[in-house]
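Engineer: My questions concern the predicted model and sequence given below.
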Amino acid sequence: MTVPTKTLPSGAELPGLGLGTYELDGQTADSVRAALDAGYAHIDTAEGYHNEEAIGDALAEYDRDDVFLTSKVLAKNLNYESVIESCEASLDRLGTDYLDLYLVHWPNPAISLRETLRAMAELRERGLVRDVGVSNFSAYQLSCAHHVSDVPIAVNQIEFHPWFQRPDLVDYCRESDTVIEAAAPLARTDVFGDEVVAELAEKYGKSPAQVVLRWSVDSGVVPLPRSSTPDHVRANADLDWELDEADRRRLDERDRDEPVYDTPARDWTSDVYGIEQ
Ligand SMILES: NC(=O)C1=CN([C@@H]2O[C@H](COP(=O)(O)OP(=O)(O)OC[C@H]3O[C@@H](n4cnc5c(N)ncnc54)[C@H](OP(=O)(O)O)[C@@H]3O)[C@@H](O)[C@H]2O)C=CC1
């Protein structure tokens, strides 16, 4: 697989493709094994996915230092003590003594962002996490995070796929040196029905998933496709081919501003989420 890595503030290299694990349920450990055997070096989980123990079981069969491991703290656990406790509990369930990346799963305007990020900095200082970041933050919320944090905000994990390309948020992430990870990069299969995706899959002899993932990587984001089907896990790592520039641009033009999971009402603005927190 030819996927460029991204250098994070700690100096670590973030692999350019990761396995998503949301709702893998009983398939979690087998999917993680299939991914690591297929050459993935990056697993994305969260305390909210209730699968960290299964991931830990699978990881125990591999060299921990060969895997880039991300988890996330739930939005309800963003006060100082809860962030620390959540991270320690995730480490325990995952059977590891560090996370490569720890993310704030969703913003929570009821809890001080400064306090949350102070706890994230403490975790980094203690060596429990190597880099910290956020998820589902709007451009405004991300700018607040950069403003109040004592440690660099390495990543914003956001919904991103051909039907939901979020150009303003993507531009701000780039301007602020924040790596974008693509959650729901396959739009939970919805985008497979897009006529241009289908046409390009036919043209290149690839699956719609492979076309969308190749385009994601070419767009500069880090896709996190989830699959419970080992053949799909392996196929999604087949990125050793190229989309023509003109075809890539055709996919750029498929944006419909249409999320599969993002809730615009959660995109709080300055009224409730100010930098003075
Ligand atoms: N930070 C956040 O709030 C969020 C983070 N995420 C992260 O992003 C990851 C991916 O997003 P997710 O919402 O899970 O959905 P995806 O966009 O990755 O879509 C998953 C679906 O695609 C199918 N699929 C995967 N590969 C193929 C293939 N090659 N051919 C056919 N079908 C395929 C899977 O079915 P099958 O199992 O049969 O292969 C599954 O139904 C999550 O697991 C999570 O890690 C996602 C949402 C929110």
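Structural biologist: Happy to help now that I have it.

Engineer: residue contacts, Ser82?
Structural biologist: When contacts are counted by C-beta atoms under 8 Å, 6 or more residues apart in numbering, Ser82 touches Val73, Lys76. C-beta coordinates here come from the backbone N, C-alpha and C atoms, glycine included.

Engineer: just Ser207 next, same as before
Structural biologist: Each residue near Ser207 by C-beta under 8 Å, 6+ apart is listed here: Ala201, Ala235.

Engineer: repeat that with 10 Å
Structural biologist: Phe192, Val197, Ala201, Leu213, His232, Ala235, Asn236, Asp238 (C-beta atoms under 10 Å, 6 or more residues apart in numbering).

Engineer: Can you list which of these are found in helices?
Structural biologist: Val197, Ala201, Leu213, His232, Ala235, Asn236 (DSSP state H).

Engineer: mind checking how far the closest residue to the last one other than its chain neighbours is from the ligand?
Structural biologist: Spatial nearest neighbour of Asn236, excluding adjacent residues (C-beta to C-beta, 6 or more residues apart in numbering): Pro225 at 4.8 Å. Distance check for Pro225 against the ligand: by C-beta to the nearest ligand atom, to the nearest Å, it reads 4 Å.

Engineer: Neighbour count for the contacts of Ser207 - can I get that in JSON lines?
Structural biologist: Formatted as JSON lines, these follow (neighbours: other C-beta atoms under 10 Å):
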{"residue": "Phe192", "neighbour count": "16"}
{"residue": "Val197", "neighbour count": "24"}
{"residue": "Ala201", "neighbour count": "18"}
{"residue": "Leu213", "neighbour count": "25"}
{"residue": "His232", "neighbour count": "18"}
{"residue": "Ala235", "neighbour count": "17"}
{"residue": "Asn236", "neighbour count": "27"}
{"residue": "Asp238", "neighbour count": "16"}
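
Engineer: The residue nearest to Asn236: neighbour count?
Structural biologist: Counted with other C-beta atoms under 10 Å, the neighbours of Pro225 add up to 25.

Engineer: do the same with Tyr172
Structural biologist: Tyr172: 19 surrounding residues under other C-beta under 10 Å.

Engineer: Quick check: residues of the stretch 151-277 of the chain near the ligand?
Structural biologist: Within the stretch 151-277 of the chain, the residues that sit near the ligand (C-beta under 6 Å from any ligand atom) are 157, 183-189, 207, 209, 224-229, 232, 235-236, 261.

Engineer: Can you show me the strands along the chain?
Structural biologist: Assigned by DSSP state E, the chain shows strands spanning 6-7, 13-14, 19-20, 42-44, 68-73, 99-104, 129-135, 153-159, 179-183, 222-223.

Engineer: can I get those strands in JSON lines with distance to Glu88, mean pLDDT and mean neighbour count?
Structural biologist: JSON lines is the format used below for those (distance: least, C-beta to C-beta, whole Å; pLDDT from 0 to 100; neighbours: other C-beta atoms under 10 Å):
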{"stretch": "strand 6-7", "distance to Glu88": "27", "mean pLDDT": "98", "mean neighbour count": "14"}
{"stretch": "strand 13-14", "distance to Glu88": "23", "mean pLDDT": "98", "mean neighbour count": "20"}
{"stretch": "strand 19-20", "distance to Glu88": "24", "mean pLDDT": "98", "mean neighbour count": "26"}
{"stretch": "strand 42-44", "distance to Glu88": "19", "mean pLDDT": "98", "mean neighbour count": "25"}
{"stretch": "strand 68-73", "distance to Glu88": "11", "mean pLDDT": "98", "mean neighbour count": "26"}
{"stretch": "strand 99-104", "distance to Glu88": "11", "mean pLDDT": "98", "mean neighbour count": "26"}
{"stretch": "strand 129-135", "distance to Glu88": "11", "mean pLDDT": "98", "mean neighbour count": "25"}
{"stretch": "strand 153-159", "distance to Glu88": "21", "mean pLDDT": "98", "mean neighbour count": "25"}
{"stretch": "strand 179-183", "distance to Glu88": "23", "mean pLDDT": "98", "mean neighbour count": "24"}
{"stretch": "strand 222-223", "distance to Glu88": "26", "mean pLDDT": "98", "mean neighbour count": "26"}
